Every structure is written in structure tokens, then in C-alpha cells.
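Novice: No letters, just coordinates:
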Ligand SMILES: NC(=O)C1=CN([C@@H]2O[C@H](COP(=O)(O)OP(=O)(O)OC[C@H]3O[C@@H](n4cnc5c(N)ncnc54)[C@H](O)[C@@H]3O)[C@@H](O)[C@H]2O)[C@@H](O)CC1
Ligand SMILES: [K+]
């Protein structure tokens with residue numbers, strides 16, 4: 001898995017690299033802008049040849065004395081393309097000045113605006129500001145000048161990056177809103193592109209929260225180019241503001257540390273990983289083998305999962321979970337249902353065993369079979385006294401704790417009853433969506449929802465970590481940015497975003513399949529955190545592999561294809 005960094009971790013790595021003498025701050029800035037420009041030209045190859053028939057830059061028309069706008073050329077008027085670079089008061093702005101220089105060198109008409117006092121720019125940024133001043137003017141960015149930004153072919157947002165740590169002042173929010181409105185106006189849709197250096201200004205790199213009043217004040221990017229590795233905030237909040245995310249290397253010594261972990265490892269509870277295909281890479285042969293190969297030819301050695309079903313009307317949810325558990329490799333799957341639903345389930349299920357589980361006493365008797373090593377309660381279960389007693393019985397057997405997934409109705413039941421919540425143990429996995437999370441952990445959900453007004457802000461990552469500690473088990477907080485945390489502080493994000501976006505996965509019953517996937521992996525002997533991460537990743541892969549039109553039933557059926565593609 002890939003490490004995601006906080007702004008402080010990024011700064012520490014940068015400082016360590018500079019202190020080691022391997023690289024200077026200026027070199028880092030140069031590598032950053034090279035990365036930005038390379039990403040722009042890779043994304044829009046036409047932009048690299050703006051010199052053809054291009055006209056001279058028009059930035060020297062800015063009349064600072066009289067406060068007149070720079071006269072710019074539009075592609076309607078000339079073949080020279082117009083770029084506007086918005087620079088801020090820190091090193092993000094420093095990156096902007098150099099990007100401006102390079103675009104100028106390849107023939108763009110470039111205008112540069114600066115928010116802040118040039119005399120107070122940090123050293124590297126100041127140097128690059130001065131270099132730009134040899135080529136063109138810098139217009140102070142204020143309420144008046146921001147109107148002149150217009151609708152450039154290319155807008156570079158280099159106002160704030162990882163250094164934004166407090167709410168934007170009102171004047172700046174107003175400026176942002178005006179520019180965001182201008183660049184989203186429906187002119188020149190073919191060519192108007194916005195590129196964010198590191199991340200769109202206004203978004204907190206650690207939490208994805210917005211330091212402006214709301215995300216409408218953020219200048220939405222078509223492309224965000226970050227360095228070394230993505231930051232946590234790239235995957236939380238409103239990722240749609242970021243457009244496409246591209247990560248460019250900085251050439252730091254030992255940069256591959258990101259695959260192995262840090263040299264000076266920060267404590268577990270400060271690290272966040274992105275769940276990715278490396279789960280199945282060379283580094284984790286055990287995981288790969290466990291998924292790909294049967295542990296033994298005896299089906300019971302591959303685990304026996306018991307999924308508890310609700311009554312006739314809601315019995316389908318447990319079937320979806322059962323199908324997921326079976327496809328992901330549990331040796332045996334049983335659906336336990338109320339006697340009244342027995343015929344319905346038996347008529348629908350073939351490879352899955354069906355048993356009547358009338359009440360808690362019946363469940364207790366079923367659980368005497370020690371081969372049943374993973375349970376799933378929640379999908380379509382119901383919210384009555386019988387169901388609450390089933391949850392209590394499943395959780396209470398702590399002398400022989402079974403890996404247990406609690407989803408949907410089971411989450412509502414434990415949210416209602418503190419005594420049930422107290423029964424949670426370390427072999428449980430909770431899989432709440434936002435509404436269920438708010439029922440279970442209302443205080444944590446309220447903190448996540450708080451707008452960013454003063455730092456440090458509190459994110460979905462923080463909330464999931466705190467929830468896992470409180471519950472004493474793994475919590476998987478669903479969404480396009482699914483966060484998974486363990487009570488010991490381990491935390492990862494499974495993102496269905498950017499090139500992994502699969503919005504069609506938001507379909508009725510897909511959560512039931514996910515619960516089944518986790519249960520199946522637990523039955524196969526995966527530890528709860530591994531099971532949650534692997535299941536979440538495969539769930540998205542199935543959706544991507546199937547494509548639009550997907551319904552929940554398709555998700556487990558796509559698994560064999562996904563496994564084959566992974567070479568399992
Ligand atoms: N850390 C690294 O390794 C690298 C950083 N680089 C660039 O440097 C950026 C980080 O630079 P900085 O740490 O200077 O941070 P930024 O450039 O993001 O912003 C810091 C500046 O913004 C001001 N500021 C913060 N919050 C504000 C608010 N609410 N209203 C008004 N002003 C506010 C600060 O006083 C400071 O002047 C990265 O995003 C990236 O673009 C790259 O050049 C290369 C490598
Ligand atoms: K930015």
C-alpha cells in the first residue's frame with residue numbers, strides 16, 4: 001500500500017532531504033514545477049506547442065500606476081494561448097512563478113498575479129519571483145484585479161498548498177468566489193483548463209476540509225499535480241474539486257520509502273495508507289496465496305461463514321452477503337433465517353446451506369459447531385427483540401470469539417443499546433455508512449461535519465480512528481473515500497475516486513455484498529483489518545471491471561474475472 005502524507009510529514013521529509021545535503025530547497029521547487037509542467041503537457045499535448053504561430057506575451061500591458069488590466073489575447077484573437085498564474089505568499093506561489101516562466105518559454109501569453117507582499121516571500125519563491133519579473137509583470141491580486149483573470153486557456157492555481165492552516169480571510173474568499181465563477185463561465189469550453197499546484201487552494205491537505213465558507217469558493221481544478229505522494233486530504237472532503245490527480249516524483253533519495261515505509265517510522269496512529277494493488281504484490285505473498293489458493297482440499301479448512309437473515313420481505317440482503325462470502329473463498333456458507341423464511345431462502349439458494357434460526361437459543365445451538373468461524377449480522381436482519389438477542393448471542397460468546405461482521409440493522413441495534421455496544425470485541429468489523437456512523441458515534445460525526453474555522457481540523461480519518469478505539473474493533477466507514485481503522489491506530493483509505501471512480505457502485509445491496517466479502521475473508525483466516533482492506537479494494541475492482549449498469553448481484557459474479565486479472 002502507498003503511504004499518504006500529512007503536510008507536516010511532507011515538510012519533515014523535505015527538511016530531512018535538504019539537511020542531508022542531497023538536495024536544496026530550490027532544486028525541490030524546480031522538480032516540483034517540472035512535474036507540474038510535464039503533467040500539463042501529458043494531459044493536454046497540444047499545450048506543449050503553443051509556439052506555433054504564437055504571439056509575444058502580452059503581460060507588459062499591465063499599467064500598475066493606473067491600475068489598468070493587462071491586455072490579453074484570446075484564442076479568438078490570436079493563436080497565442082493565454083495562461084493566468086495565480087501565486088500565493090508561500091512556496092506554492094514559488095512553484096507558480098516557475099511554471100509561468102516555462103509556459104512563457106514555450107510561447108504562451110502568461111499573466112501572473114500575486115496575493116501577498118513580494119518582499120515577504122520565502123527565499124526560494126522570492127528568487128523565482130525575481131526571475132519572472134525579468135520576463136513580465138506581476139499584478140497584485142485583489143478585488144479589482146481578480147476580474148481581469150477572465151477565462152484564460154489555462155489557469156494555474158498556485159495560491160496555497162500544504163501550508164494553508166487557517167481560514168481564508170473574507171477578502172480572499174471573495175476573490176476566490178469571483179475567479180471560481182469566471183473560470184466556470186461557459187466560454188471556450190474546449191480549451192479552458194484549470195491546474196492546481198499540489199491541491200486546489202482553500203483545501204486542507206490533511207483533512208480535505210475547505211478553509212473557505214464552502215467548496216463553491218474553491219477554484220475547481222481539471223488537474224491537480226502533487227509531489228512525492230498524495231496527501232490525505234486528496235482523498236477526503238470534496239475530491240471533485242481536484243479533477244484528475246497526478247503524483248510526480250521529487251527525486252528524493254530513498255523515495256521508494258513510500259513503498260516500504262518511512263526510514264524513521266512515525267507511530268502507527270499517525271500513518272495513513274492508500275489501499276491499492278500492492279496488497280497483492282510481492283510484499284504480501286501470504287495474502288496472495290490465501291486468496292488465490294484453497295488452504296486445503298477440505299472445504300471446512302477454508303472456513304465456514306454463517307450469515308443471519310431477516311424475514312421473507314428482507315431476505316435478499318443476506319443472500320447477497322452469502323454470495324459474496326462464497327465467491328471470495330469461504331469453504332462453506334450457511335444462511336440462518338427465521339423458520340418462516342426457510343422456504344424462500346431454500347428456493348433461492350443452491351451452493352449455500354439454509355438453516356432455520358428461530359431465536360437466540362437456536363443461534364446458540366448452531367454456534368456449538370466450532371467449524372463456524374465467521375459471522376455476519378445486519379443485512380436485512382430487522383430491528384426487533386429477536387434480532388437484538390441474536391446480536392447479543394453472537395457477540396457474547398467471548399470465550400470462543402468468532403470473527404463477526406456487523407452491518408446495517410445490526411449497527412442500528414448496537415447504536416440503540418449500550419449493553420450491546422459493550423459486547424464488541426477485537427474480532428469484530430463494523431461497516432457503517434455515514435448515517436449509521438452518526439448513529440453509532442454522534443459526537444465524532446458532528447466533529448467531522450464542523451466547518452474548518454481554526455486548526456487543526458478533524459477529518460473522517462480522525463473520526464474512524466477514534467471510533468475504532470472506542471469500539472475496540474475494526475471500523476470501515478463507507479463512502480467513495482472508505483476509511484478503515486483498527487483500535488491500534490492502523491488506518492487506510494480505499495478510494496473509489498479519480499481513476500478508480502465507480503459511481504455505479506452506489507446501488508442497493510452493494511453494501512450487503514461488501515459485508516459478505518469481509519465475512520468470507522474472515523472465514524478464510526484473514527485478520528479483521530486485512531479482511532476489511534482487501535474486501536473493500538476488491539469490491540471497487542469488481543465494480544470497475546463490470547462497469548455502468550452494475551447491480552448488486554453482479555458484484556460477486558465479477559470476482560473470478562478480477563482474480564484472474566490479478567493473476568491469483
Ligand atoms: N514540502 C515540500 O517538500 C515541497 C513543497 N513544495 C510546494 O510548497 C508548498 C508548501 O509551501 P508552504 O509551506 O510555503 O505553504 P503554502 O505556499 O501553501 O502557503 C503558506 C503561506 O500561506 C500563508 N497562509 C496560510 N494560511 C493562510 C490563510 N488562511 N490566509 C492567508 N494566508 C495564509 C502563510 O502565512 C504562508 O505565507 C507545497 O504545497 C508545494 O506546492 C514544492 O515546491 C516542492 C517540495
Ligand atoms: K494550489
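Specialist: Thanks, I have the structure now. Please read these numbers as outputs of a predicted model, since none were measured by experiment. Ligands and ions are numbered 1, 2, ... in the order given.

Novice: Given the one helix or strand residue 307 maps to, what are its sheet partners and their directions?
Specialist: Using DSSP states H and E, residue 307 maps to strand 304-308. Strand 304-308 pairs in its sheet with strand 332-337 (parallel), strand 372-377 (parallel), by DSSP bridges.

Novice: List the contacts of the last one.
Specialist: Identification of contacts with strand 372-377 by C-beta atoms under 8 Å, 6 or more residues apart in numbering yields 303-308, 318, 321, 325, 330, 334, 366, 390-391, 394, 402-407, 410, 515-516, 518-520, 522-523, 525. All C-beta spots, glycine's among them, are computed from the backbone N, C-alpha and C.

Novice: In terms of secondary structure, what does whichever helix or strand comes after that strand contact?
Specialist: Moving toward the C-terminus from strand 372-377, the next helix or strand (DSSP H and E) is helix 385-396. Applying 3 or more C-beta pairs under 8 Å, 6 or more residues apart in numbering; DSSP states H and E, one finds that helix 385-396 contacts helix 360-366, strand 372-377, strand 403-406, helix 408-416, helix 418-422.

Novice: got those as JSON lines, with mean neighbour count, mean pLDDT and distance to ligand 2 columns?
Specialist: What follows is the helices and strands packed on helix 385-396, written out as JSON lines (neighbours: other C-beta atoms under 10 Å; pLDDT from 0 to 100; distance: least, C-beta to the ion, whole Å):
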{"stretch": "helix 360-366", "mean neighbour count": "16", "mean pLDDT": "95", "distance to ligand 2": "55"}
{"stretch": "strand 372-377", "mean neighbour count": "27", "mean pLDDT": "97", "distance to ligand 2": "44"}
{"stretch": "strand 403-406", "mean neighbour count": "29", "mean pLDDT": "98", "distance to ligand 2": "40"}
{"stretch": "helix 408-416", "mean neighbour count": "23", "mean pLDDT": "98", "distance to ligand 2": "38"}
{"stretch": "helix 418-422", "mean neighbour count": "13", "mean pLDDT": "97", "distance to ligand 2": "42"}
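
Novice: hang on, the earlier thing: for residue 427, find the nearest of the strands paired with strand 304-308.
Specialist: strand 372-377 (9.0 Å; C-beta to C-beta).

Novice: what angle sits between that closest one and helix 408-416?
Specialist: Here strand 372-377 points in a direction 80 degrees away from that of helix 408-416 (axes from the mean of the first three to the mean of the last three C-alpha atoms, to 10 degrees).

Novice: Dump the strands paired with strand 304-308 to CSV, plus distance to residue 425.
Specialist: Rendered in CSV, the data for these read as follows (distance: least, C-beta to C-beta, whole Å):
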stretch, distance to residue 425
strand 332-337, 20
strand 372-377, 12
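
Novice: between those strands, which one is nearest to residue 196?
Specialist: Nearest of the strands paired with strand 304-308 (C-beta to C-beta): strand 372-377, 41.6 Å.

Novice: sorry, back to before: I'd like the strands paired with strand 304-308 laid out as a markdown table, including distance to ligand 1.
Specialist: Listed next are these as a markdown table, based on distance: least, C-beta to the nearest ligand atom, whole Å:
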| stretch | distance to ligand 1 |
| --- | --- |
| strand 332-337 | 49 |
| strand 372-377 | 43 |
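
Novice: tally of neighbours for the spatially closest residue to residue 175 that is not a sequence neighbour?
Specialist: Nearest residue to residue 175 in three dimensions, chain neighbours excluded: residue 146, at 4.6 Å (C-beta to C-beta, 6 or more residues apart in numbering). If you count neighbours by other C-beta atoms under 10 Å, residue 146 ends up with 20.

Novice: do the same with the one 5 residues further on
Specialist: Other residues lying near residue 151 total 18 when counted by other C-beta under 10 Å.

Novice: Residue 238 too?
Specialist: 15.

Novice: tell me the mean pLDDT over stretch 440-452?
Specialist: Mean per-residue pLDDT for stretch 440-452: 95.

Novice: repeat for stretch 180-189
Specialist: Rounded mean pLDDT across stretch 180-189 is 63.

Novice: got the contact list for stretch 20-35?
Specialist: So stretch 20-35 is in contact with 14, 17-18, 91, 94-95, 98-99, 102, 123-125, 127-128, 197, 225, 227, 248-253, going by C-beta under 8 Å, 6+ apart.

Novice: Select from those every entry located in helices.
Specialist: Among the contacts of stretch 20-35, DSSP state H puts 14, 17-18, 91, 94-95, 98-99, 102, 123-125, 127-128 in helices.

Novice: I'd like these written out as JSON lines, with distance to ligand 2, neighbour count and pLDDT added.
Specialist: Output for the ones in helices among the contacts of stretch 20-35, formatted as JSON lines (distance: C-beta to the ion, whole Å; neighbours: other C-beta atoms under 10 Å; pLDDT from 0 to 100):
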{"residue": "14", "distance to ligand 2": "17", "neighbour count": "19", "pLDDT": "84"}
{"residue": "17", "distance to ligand 2": "22", "neighbour count": "22", "pLDDT": "81"}
{"residue": "18", "distance to ligand 2": "22", "neighbour count": "16", "pLDDT": "85"}
{"residue": "91", "distance to ligand 2": "11", "neighbour count": "26", "pLDDT": "95"}
{"residue": "94", "distance to ligand 2": "12", "neighbour count": "30", "pLDDT": "95"}
{"residue": "95", "distance to ligand 2": "8", "neighbour count": "31", "pLDDT": "95"}
{"residue": "98", "distance to ligand 2": "14", "neighbour count": "27", "pLDDT": "94"}
{"residue": "99", "distance to ligand 2": "11", "neighbour count": "30", "pLDDT": "95"}
{"residue": "102", "distance to ligand 2": "17", "neighbour count": "17", "pLDDT": "92"}
{"residue": "123", "distance to ligand 2": "20", "neighbour count": "11", "pLDDT": "93"}
{"residue": "124", "distance to ligand 2": "16", "neighbour count": "20", "pLDDT": "92"}
{"residue": "125", "distance to ligand 2": "13", "neighbour count": "29", "pLDDT": "95"}
{"residue": "127", "distance to ligand 2": "19", "neighbour count": "17", "pLDDT": "95"}
{"residue": "128", "distance to ligand 2": "15", "neighbour count": "26", "pLDDT": "95"}
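
Novice: Just read off the phi/psi values of the residue nearest to residue 116 when sequence neighbours are not counted.
Specialist: Excluding the flanking residues, the one nearest residue 116 by C-beta to C-beta, 6+ apart is residue 89, at 3.1 Å. Residue 89 has phi and psi values of phi -80, psi 0 when expressed as degrees, to the nearest 10.
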